[in-house]
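Undergrad: Coordinates for the following, if possible.
(one chain, ligands or ions: 4)
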Amino acid sequence: SSSKLLIKGGTVVNAHEMEIADVYVEDGIIVAVRPNIKVGDDVTVLDAIGKFVMPGGIDPHTHLAMEFMGTETIDDFFSGQAAALAGGTTMHIDFVIPVNGSLTAGLESYEKKSRKSCMDYGFHMAITKWDEIVSHEMEIMVKEKGINSFKFFLAYKGSLMINDELLLQGFKKCKSLGALAMVHAENGDAVYEGQRRMKELGITGPEGHSLSRPPALEGEATARAIQLAAFVNTPLYVVHVMSIEAMEEISKARKSGLKVIGEPVVSGLVLNESWLWDPDFITAAKYVMSPPIRAAGHDRALQAALSMGILQLVGTDHCSFNSTQKALGIDDFRKIPNGVNGIEERMHVLWDTMVESGQISVTDYVRLTSAECARIFNIYPRKGAIRAGSDADIIILNPNSSFEISAKSHHSRSDTNVYEGWRGKGKVEVTISGGRIVWQNDELKVVPGSGKYIEMPPFSYLFNGIEKADAKYLSSLKAPVKRLRSAA
Ligand code: DUC
Ligand code: ZN
Ligand code: ZN
Ligand code: ZN
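TA: Ligands and ions are numbered 1, 2, ... in the order given. Modelled structure (predicted):
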């Protein structure tokens, strides 16, 4: 691959329009997008006639090299990103987990882990406890470290979970910094009770995972987080929306004008929980993630919500473990490491499920897989667009070519794949990352250390108008009190 690249004759797709044009790239940046670009013979030319030229996918939700539930995810920043590139994703945003509650120590650890990156990446930060130090560290993360989103866990009682008082403090801090608050929405106390119930019933297999944390617990926590974010008047991003119950709360909130973003993940959109009842432990355990993959019906409802705009973008929660790691929970489902793969499959499965079936348009696809993520995390149009000045993270997708998913051929280090055997139409034939061809003819050419850390500035479009709304709300509280007092 050379530093000059011309993609000829494809249909260039952005979030709101598409046109037949050439795309010219120099030194990692898109220089021109228009028909009939003429270049010299020092330029590598890619023929894209009859194919779609789109912004590379951005996965807003991944866990690479994460220490979790007594083990560490099998994919690190190199293998996970290589897999991503093979599947047409050119950037991901990973969750930094604090070390003993310290954000600074957590970030240092993730900076080390991500040094071998072969594609661009950004960070969200999880908040797992609350005090003055954490509050101050949040400020440093936003002002100096390029992090503009913080995730709060309403589940994982005894480890990651925080209570409502701390959640409110966290929301207020996010708001003051222009950072986006994110929630893992399941009622952790109720999940704990559900797990105790399974124990009493003697249910120890993977099906117990689903039975112990039903959709109602996700709906309750989603509603609570939405109401508390509204009380503070700060935008809210609900990660991994897995159920109709949670989706309907988001729908209701958005209809009433609240700034709530809902992120379904591929597993929740296309899989159902029936696998959890498979008599073979490993077959079942590979589908264990939280919130759980739901009964058939939730998947279709989430697809419909996505196509109607009730949900705004698609992630994966890629958090891969191999069979040996999943076997940690052979006697007790509570010990099965939670997580499924998806970083490599997201673009293909979503195209096949949503575009190929006619549920969404090709421009919608770009919005849901790339552009909207870039807007929400405030890096648009550097990312998420094919236009002059944007980073040259580009894919060429052939709608007439087919793909097949298998652990035998995938690029993740895991020995299993929750989409095993999936065949579909619409194949990512070429991936360009930072102006370099990294995936072509089913071959990866990735370089450890070539990926860049993307700083994400605070105050995305979601914060527009918040001060005004605050002033209006506060005066609405005061005015009637004043009237009463002066009448007395
Ligand atoms: N859920 C998972 O399945 N894995 C990682 C963390 C989470 O919330
Ligand atoms: Zn400070
Ligand atoms: Zn989560
Ligand atoms: Zn996650």
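
Undergrad: pLDDT on the lengthiest helix in the chain, on average?
TA: Counting by DSSP state H, the longest helix found in the chain is helix 466-487. The average pLDDT for helix 466-487 rounds to 89.

Undergrad: then that helix to CSV, C-alphas only?
TA: Extracted in CSV, the C-alpha atoms of helix 466-487 (Å, rounded to 0.1, in the frame of the first residue of the first chain):
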residue,chain,number,x,y,z
ILE,A,466,-29.1,22.6,28.2
GLU,A,467,-28.2,25.9,30.0
LYS,A,468,-31.3,27.6,28.6
ALA,A,469,-33.5,24.7,29.7
ASP,A,470,-31.9,24.8,33.2
ALA,A,471,-32.6,28.6,33.5
LYS,A,472,-36.2,28.0,32.4
TYR,A,473,-36.7,25.1,34.8
LEU,A,474,-35.3,27.0,37.8
SER,A,475,-37.4,30.1,37.2
SER,A,476,-40.4,27.8,36.9
LEU,A,477,-39.7,26.5,40.4
LYS,A,478,-39.2,30.0,41.8
ALA,A,479,-42.0,32.0,40.2
PRO,A,480,-45.0,30.4,42.0
VAL,A,481,-43.1,30.5,45.3
LYS,A,482,-42.5,34.2,44.9
ARG,A,483,-46.2,34.8,44.0
LEU,A,484,-47.3,33.0,47.1
ARG,A,485,-44.9,34.8,49.3
SER,A,486,-45.9,38.3,48.1
ALA,A,487,-49.6,37.4,48.3
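
Undergrad: starting at the chain centroid, how far to that helix?
TA: On the basis of Cα atoms, centre = their mean, to the nearest Å, helix 466-487 sits 39 Å off its chain's mean C-alpha point.

Undergrad: try stretch 215-225
TA: Distance, centroid of stretch 215-225 to centroid of chain: 19 Å (Cα atoms, centre = their mean).

Undergrad: List the buried residues for that stretch?
TA: Residues 215, 217-225 are the ones in stretch 215-225 that count as buried (16 or more other Cβ atoms under 10 Å). Where you see a C-beta, it was placed from the backbone N, CA and C, and this is true even at glycine.

Undergrad: What of stretch 461-476?
TA: 462-463, 466.

Undergrad: Pull the residues that contact stretch 252-259.
TA: By Cβ atoms under 8 Å, 6 or more residues apart in numbering, the residues outside stretch 252-259 that reach it are 226, 229-230, 235-236, 260, 310, 462.

Undergrad: ok now that stretch, how far from the chain's centre?
TA: 21 Å.

Undergrad: Quick check: mean pLDDT of that stretch?
TA: 97.

Undergrad: do stretch 101-110 as well
TA: Rounded mean pLDDT across stretch 101-110 is 97.

Undergrad: what's the answer for stretch 150-165, then?
TA: On average, stretch 150-165 scores 95.

Undergrad: Quick one: residues in contact with that stretch.
TA: With contact meaning Cβ under 8 Å, 6+ apart, stretch 150-165 is reached by 95, 124-130, 138, 141, 167, 170, 174, 179-189, 191-192, 213, 221, 224-225, 228, 239, 290-291.

Undergrad: go on, stretch 437-455?
TA: With Cβ under 8 Å, 6+ apart, stretch 437-455 has contacts from 1, 5, 44, 46, 77-78, 81-82, 85-86, 88, 91, 111, 114-123, 145-146, 379, 382-383, 411, 428-434, 436.

Undergrad: how about whatever residue of the stretch 301-450 of the chain ends up closest to ligand 2, what does it touch?
TA: Across the stretch 301-450 of the chain, the shortest distance to ligand 2 (Cβ to the ion) belongs to N378, at 21.4 Å. Going by Cβ under 8 Å, 6+ apart, N378 touches 148, 456-461.

Undergrad: and those residues, which are buried?
TA: Buried among the contacts of N378 by 16+ other Cβ under 10 Å: 148, 456, 458, 460.

Undergrad: which of the residues you listed lies closest to ligand 2?
TA: P458 (14.5 Å).

Undergrad: show me what contacts the closest residue in space to the closest one that isn't next to it in sequence?
TA: With Cβ to Cβ, 6 or more residues apart in numbering as the criterion, P458 has its nearest non-adjacent residue at 3.4 Å, and that residue is G178. By Cβ under 8 Å, 6+ apart, the residues touching G178 are 142, 148, 458-460, 463.

Undergrad: The same query, at a cut-off of 10 Å, please.
TA: Residues in contact with G178 (Cβ atoms under 10 Å, 6 or more residues apart in numbering) are 142, 148, 234-235, 378, 457-460, 462-463, 466.

Undergrad: Make a markdown table out of the buried residues of stretch 461-476 and add distance to ligand 1.
TA: A markdown table is the format used below for the buried residues of stretch 461-476 (distance: Cβ to the nearest ligand atom, whole Å):
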| residue | distance to ligand 1 |
| --- | --- |
| L462 | 23 |
| F463 | 26 |
| I466 | 28 |
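
Undergrad: Quickly note the distance from L271 to A83.
TA: 18 Å (Cβ to Cβ, to the nearest Å).
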